[in-house]
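Student: A predicted structure for the sequence below; I have some questions about it.
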Amino acid sequence: MGAHANNRPAEMLTYPEDPQFGKATPGKIAMWIFLVTDAMSFAGLLIAYAILRATKDWPNPIEALGGVDLPAFMTFLLICSSVTMVLSIDACRMKNRDKMKKWLLLTILGGFIFLGLQVYEYTILYMQNMKFGAPFVYKGVTYHHFMSTFYSVTGFHGLHVLMGTLYLCQMYNLAHKGVFDNGNYNQLELAGLFWHFVDLVWILVFTFIYLL
């Protein structure tokens, strides 16, 4: 009996309630620990950006980066992708494979569109000689750290979007194979936690880099 239980798939295993973590699975606890440590990395980048901006001359980012319309749309896109992620998990809970795959696919599409728009933005800036590490001349004034901080913060976040999108692609593959047909959404929820984290961080990045 014990050997049979140990051979069950990981998503079917149940865990005793922990006095500190409740019914959270080990995977969920591990994901939260990872997100906390990852949040520290973003916090370090944003704090460094804030210190540089407070202690050195800084251009108006909205004017220097060509407006806020594109990044605002990218923000809206990621917020919508968080909604579709929630709907995908809800469909999984209801054991509706078709709806789960549909919403998950829309989330993945949102991630790839975001990355495409970021590449487009980088290309436009590069063509204007706004390169990483290069001095940025704006209205006759030279700024030495503006573009480096911009690419460091947004590029680091873009890497997370890429990893999150590939993560969701794997979840879609598992969904297509029927892994979640039993209504156990634990693995999908872990992917959702990471995706919501990426979306939340972008809102902070958008505020710090483009609006302040």
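Tutor: Perfect, I can see it now. As the structure is a computational prediction, the values presented were derived from the model and not from experiment.

Student: Report the buried residues of stretch 144-159.
Tutor: 145-151, 153-154, 157-158 (16 or more other CB atoms under 10 Å). Every C-beta, even on glycine, is put in place using the N, C-alpha and C of the backbone.

Student: Residues in contact with that stretch: which ones?
Tutor: 41-42, 45-46, 48-49, 52-53, 56, 58-59, 61, 64-65, 115, 118, 122, 125, 130-136, 138, 198, 201-202, 205, 208-209 (CB atoms under 8 Å, 6 or more residues apart in numbering).

Student: so how far is it off the chain centroid?
Tutor: Mean C-alpha position of stretch 144-159 versus that of the full chain (CA atoms, centre = their mean, to the nearest Å) differs by 16 Å.

Student: Over to stretch 114-132?
Tutor: Distance of stretch 114-132 from its chain centroid, counting by CA atoms, centre = their mean, is 19 Å.

Student: Next up, identify which helix or strand the nearest residue to Ala134 once chain neighbours are set aside is on.
Tutor: In this structure, Ala134 finds its nearest non-sequential neighbour in Met147, 6.4 Å apart by CB to CB, 6 or more residues apart in numbering. Using DSSP states H and E, Met147 falls within helix 146-176.

Student: Can you tell me which helices and strands the helix or strand where Thr75 lies packs against?
Tutor: Per DSSP H and E, Thr75 falls inside helix 69-93. Judged by 3 or more CB pairs under 8 Å, 6 or more residues apart in numbering; DSSP states H and E, the packing partners of helix 69-93 are helix 97-127, helix 146-176, helix 186-206.

Student: List the buried residues in the last one.
Tutor: If you call a residue buried by 16+ other CB under 10 Å, then helix 186-206 has these buried ones: 186-202, 205-206.

Student: Any chance you could list what contacts the helix holding Thr75?
Tutor: For helix 69-93, using CB under 8 Å, 6+ apart, the contacting residues are 65, 97, 99-104, 106-107, 110-111, 113-114, 117-118, 120-121, 161, 168, 175, 180, 183, 185, 188-189, 191-192, 195-196, 198-199, 202-203, 206, 209-210.

Student: With stretch 106-118 instead?
Tutor: Stretch 106-118 is contacted by residues 70, 73-74, 77-78, 80-81, 84-85, 88, 154, 158, 161-162, 164-165, 168-169, 172, 195 when judged by CB under 8 Å, 6+ apart.

Student: Of the residues you listed, which qualify as buried by neighbour count?
Tutor: Among these, those classed as buried by 16+ other CB under 10 Å are 70, 74, 77-78, 81, 84-85, 88, 154, 158, 161-162, 164-165, 168, 172, 195.

Student: hmm, back to that, quick one: the residue nearest to Ala134 from Phe73, how far?
Tutor: 22 Å (CB to CB, to the nearest Å).

Student: low-scoring pLDDT stretches of the protein, where are they?
Tutor: Applying pLDDT under 70 to the chain flags residues 1-24.

Student: Tell me if I'm right that Ala50 and Ile209 touch.
Tutor: No. Counting by CB atoms under 8 Å, Ala50 does not reach Ile209; the two are 10.7 Å apart.
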